[in-house]
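> structure for the following, please:
(one chain, ligands or ions: 1)
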Amino acid sequence: MIYTLTTPLYYVNDKPHLGSTYTTVACDALARFQRLEGHEVVFVTGVDEHGQKIQRTAAEQSISPIDHCNRVTASYKKAWNEWDISNDRFVRTTSPRHLPLVQQFFKRCEEAGDIRSGRQTGWYCVGCEEFKDDPAEAINPTCSIHQKPLEWRDEENLFFCLSHFQDKIEALLNQSDFIAPASRRKEIQNFVAGGLRDFSISRVNVDWGLPVPGHQGHTFYVWFDALLGYLTALLDDGGSIDLERLNAVGWPADQHVIGKDILRFHAVYWPAMLMSAGLPLPKKVFGHGFLTREGQKMGKSIGNVLDPDVLLDRCGTDAVRWYLLRDIQFGDDGDFQQQRFVDLVNNDLANTIGNLLNRTSSMSRKWFNESTPIVESKDSDDHALRQVAETAIATVRESMPSMAFQKAAEAILQLAIQANGYLNDQAPWSKMKKGGQDDQVAVDLYGVLESARLVGWLLQPLVPDLSERILSQLNQPSAASNWTEQLVWGRLESGHPLPQPQPVMQRLELEEAL
Ligand code: MSP
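Residues are numbered from 1 along each chain as shown. Below you'll find the model as predicted:
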């Protein structure tokens with residue numbers, strides 16, 4: 001069984017921002033976890049390249065839309081590489097195999113009787129690429145998100161008959177697990193209860209879009225084409241979209257992960273489109289919250305946008321990944337606070353985890369011949385840390401599938417905290433000074449090193465680089481080996497050589513952070 005997971009396909013109006021990085025990092029953690037658990041994973045990301053927003057951005061820079069798209073797409077690919085994103089697919093909606101798929105899909109909807117033409121009038125936000133139903137101002141309305149004037153549209157468009165799907169969409173939303181987290185479900189149910197209205201899926205004044213077959217002068221509305229990018233990502237040759245082929249390549253997706261602002265497109269429009277085309281629906285849509293910075297919305301006009309490149313250069317992937325996944329309950333809105341970021345990274349990673357590893361392996365090297373201690377029974381039930389470690393393992397495995405990263409991170413941290421506490425309580429250094437109690441010291445130290453090993457493994461999906469450094473400090477196999485087998489108390493070898501310890505995590509200095 002393939003586990004298919006997608007990020008949104010990001011607009012290429014600009015290079016990645018912290019919001020897109022956040023979603024992608026979260027999906028990466030889930031994809032890594034599912035692979036470690038033994039699933040065959042298809043992790044899809046990519047870019048959404050058509051539409052008026054992109055056309056205008058290119059025009060502002062006096063370059064062709066495709067040159068602009070190529071440039072920004074390259075910056076996405078570079079960024080995901082630098083952020084350790086383990087995507088299996090990167091789809092572009094300008095790829096040659098996307099067009100036949102979109103056209104084929106449209107024809108299916110047309111044949112099903114779900115396409116009609118009509119007049120579209122209303123206020124449009126190019127930034128959102130969306131009609132706004134009820135702008136607050138009657139005259140010169142602006143978009144509340146982009147703070148830019150809305151544009152009046154009055155044109156002949158093709159419509160997708162969303163109204164045909166009222167009952168089916170209601171039934172879908174009544175399934176308790178289609179929208180996650182549960183708190184976002186009500187909002188979409190209310191929207192649907194207000195009555196589904198057909199939405200226009202073509203434009204007559206936008207050249208930078210895919211041509212609608214059989215309707216000269218019309219290009220597809222960017223959202224109609226973009227959502228289909230999820231299928232193009234899976235179908236390598238762009239051929240026909242029959243059920244059997246889709247099944248074999250990982251459709252339906254197990255989870256679309258998106259921001260709350262585009263939940264309606266994914267939880268209402270997209271399932272209806274798929275129903276019309278006779279294709280299976282994604283199993284779940286997860287709408288996460290928005291990131292603010294020091295309590296303020298991030299925006300170019302406010303000048304407070306946090307550049308992920310700067311963060312990455314100065315702090316490294318582990319620090320930022322840890323902060324985003326550990327501090328914010330995925331699903332809720334979150335606030336990036338510089339002081340808190342620095343404190344958490346220093347306390348959790350450099351002090352609690354880094355020091356645990358460093359001092360334990362130094363002691364072990366010093367007292368046990370540059371190796372782990374030799375103990376009689378490695379998997380003894382008696383060790384006080386065993387229960388703590390097993391709770392951490394169970395919590396991580398329970399929380400990760402539902403993207404409860406914060407809970408998983410806290411459980412791992414708890415294990416490191418308890419291991420540090422245990423070491424302080426046992427104070428092996430004083431026992432060693434008194435001489436002669438090597439057996440007890442060996443047992444104590446073994447348990448702490450074993451906890452550090454498990455911390456290293458459990459961190460694997462969240463902060464893969466740090467996890468590798470921890471494991472290599474313990475002279476452990478690389479992360480490619482079987483995690484299920486590794487997550488068992490007592491796997492650390494006795495008398496196993498330990499390398500000279502190096503700090504696994506540099507402390508961040510506040511001034512340097514941003
Ligand atoms: N192109 C569409 C998606 C099409 S999917 C078939 C799109 N692109 S986007 O680049 O504008 O947004 C991508 C994602 O970034 C959205 O999920 C959006 O919610 C998310 N975010 C944008 N700003 C954000 C924050 N400040 N915080 C968290 N996520 C944010 O929409």
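
> could you use CA atoms for every contact and neighbour count after this?
Noted.

> what is the neighbour count of Gly122?
Other residues within reach of Gly122 by the criterion other C-alpha atoms under 10 Å amount to 16.

> also the one 3 residues further on?
Residues within reach of Cys125, counting by other C-alpha under 10 Å, total 21.

> and what of Met363?
Residues within reach of Met363, counting by other C-alpha under 10 Å, total 17.

> and Thr45, by the same measure?
Quick note: Thr45 (other C-alpha under 10 Å) scores 28 neighbours.

> my reading is that it lies in a strand. Confirm?
Yes: with the criterion set as DSSP: H, G, I helix; E, B strand; the rest coil, the secondary structure at Thr45 is a strand.

> ok now do it, which residues does it touch?
Thr45 makes contacts with Thr6, Thr7, Pro8, Leu9, Thr24, Asn87, Arg89, Phe90, Val91, as judged by C-alpha atoms under 8 Å, 6 or more residues apart in numbering.

> now, among those residues, which is nearest to Pro213?
Distances from those to Pro213 were compared by C-alpha to C-alpha; the smallest belongs to Val91, at 22.3 Å.

> residues touching the residue in the stretch 401-514 of the chain that the ligand sits nearest to, list them.
When you check the stretch 401-514 of the chain against the ligand by C-alpha to the nearest ligand atom, the closest residue turns out to be Met403, at 15.1 Å. Contacts were defined as C-alpha under 8 Å, 6+ apart; by that measure Met403 touches Ala26, Leu30, Phe330.

> related to what we said a few turns ago, among the contacts of Thr45, who's most crowded?
With neighbours set by other C-alpha under 10 Å, the maximum within the contacts of Thr45 is found at Thr6, which has 26 neighbours.

> the helix or strand that residue falls within: partners in the sheet, and parallel or antiparallel?
Thr6 belongs to strand 2-11 when elements are defined using DSSP states H and E. Based on DSSP bridges, the pairing partners of strand 2-11 within the sheet are strand 40-48 (parallel), strand 255-259 (parallel).

> need these in TSV (columns: distance to the ligand).
As requested, those are arranged in TSV below (distance: least, C-alpha to the nearest ligand atom, whole Å):
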stretch	distance to the ligand
strand 40-48	5
strand 255-259	3
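
> okay, those in CSV with mean pLDDT next?
Conversion of the strands paired with strand 2-11 to CSV gives the following (pLDDT from 0 to 100):
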stretch, mean pLDDT
strand 40-48, 98
strand 255-259, 97
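
> Glu485: which of those strands is closest?
Nearest of the strands paired with strand 2-11 to Glu485, taken as C-alpha to C-alpha: strand 40-48 at 17.7 Å.

> for the closest one, buried residues please.
Buried residues in strand 40-48, defined by neighbour count with 16 or more other C-alpha atoms under 10 Å: Val41, Val42, Phe43, Val44, Thr45, Gly46, Val47, Asp48.

> tell me which helix or strand comes right after that strand.
Under the assignment DSSP H and E, the closest C-terminal helix or strand after strand 40-48 is helix 52-60.

> which outside residues touch that following helix?
Tyr11, Val12, Asn13, Ser64, Pro65, His68, Cys69, Val126, Gly127, Glu129, Val206, Trp208.

> from the residues you listed, keep the buried residues only.
For the contacts of helix 52-60, a burial check counting by 16+ other C-alpha under 10 Å picks out Tyr11, Val12, Asn13, Pro65, His68, Cys69, Val126, Gly127, Val206, Trp208.

> quick one: which of these sit in strands?
Tyr11 (DSSP state E).

> between the buried ones among the contacts of helix 52-60, which is closest to the ligand?
When those are compared for distance to the ligand, the smallest value, 4.1 Å, is given by Tyr11; criterion: C-alpha to the nearest ligand atom.

> list the contacts of the residue nearest to the closest one when sequence neighbours are not counted.
Counting by C-alpha to C-alpha, 6 or more residues apart in numbering, Tyr11 lies nearest to Asp48, which is 4.8 Å off, once chain neighbours are set aside. Residues counted as contacts of Asp48 (C-alpha under 8 Å, 6+ apart) are Leu9, Tyr10, Tyr11, Val12, Arg92, Thr93, Ala226, Gly229.

> can we see that at 6 Å?
Leu9, Tyr10, Tyr11, Thr93, Ala226 (C-alpha atoms under 6 Å, 6 or more residues apart in numbering).

> now Arg340
For Arg340, no residue meets the contact criterion (C-alpha under 6 Å, 6+ apart).

> phi, psi of it?
Backbone dihedrals for Arg340, given as degrees, to the nearest 10, come out at phi -70, psi -40.

> can you check Cys128 too?
Here Cys128 shows phi and psi, under degrees, to the nearest 10, equal to phi -90, psi -20.

> got a pLDDT number for it?
Looking at Cys128, its pLDDT reads 88.

> for Ser430, see how far away it is.
Between Cys128 and Ser430 the distance, using C-alpha to C-alpha, to the nearest Å, works out to 65 Å.

> now do Glu37
Separation of Glu37 from Ser430 (C-alpha to C-alpha) stands at 41 Å.

> the more surrounded of these two?
When Glu37 and Ser430 are compared for neighbours, Glu37 comes out ahead with 13 against 10, by other C-alpha under 10 Å.

> quick revisit: and the buried ones among the contacts of helix 52-60 as TSV, adding distance to Trp251?
Putting those into TSV (distance: C-alpha to C-alpha, whole Å) gives the following:
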residue	distance to Trp251
Tyr11	23
Val12	25
Asn13	28
Pro65	31
His68	31
Cys69	27
Val126	31
Gly127	30
Val206	31
Trp208	28
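
> and the closest residue to His68 other than its chain neighbours, how many neighbours?
If the residues on either side of it in the chain are set aside, His68 comes closest to Ala58, at 5.7 Å by C-alpha to C-alpha, 6+ apart. Taking other C-alpha under 10 Å as the criterion, the count of residues near Ala58 is 18.
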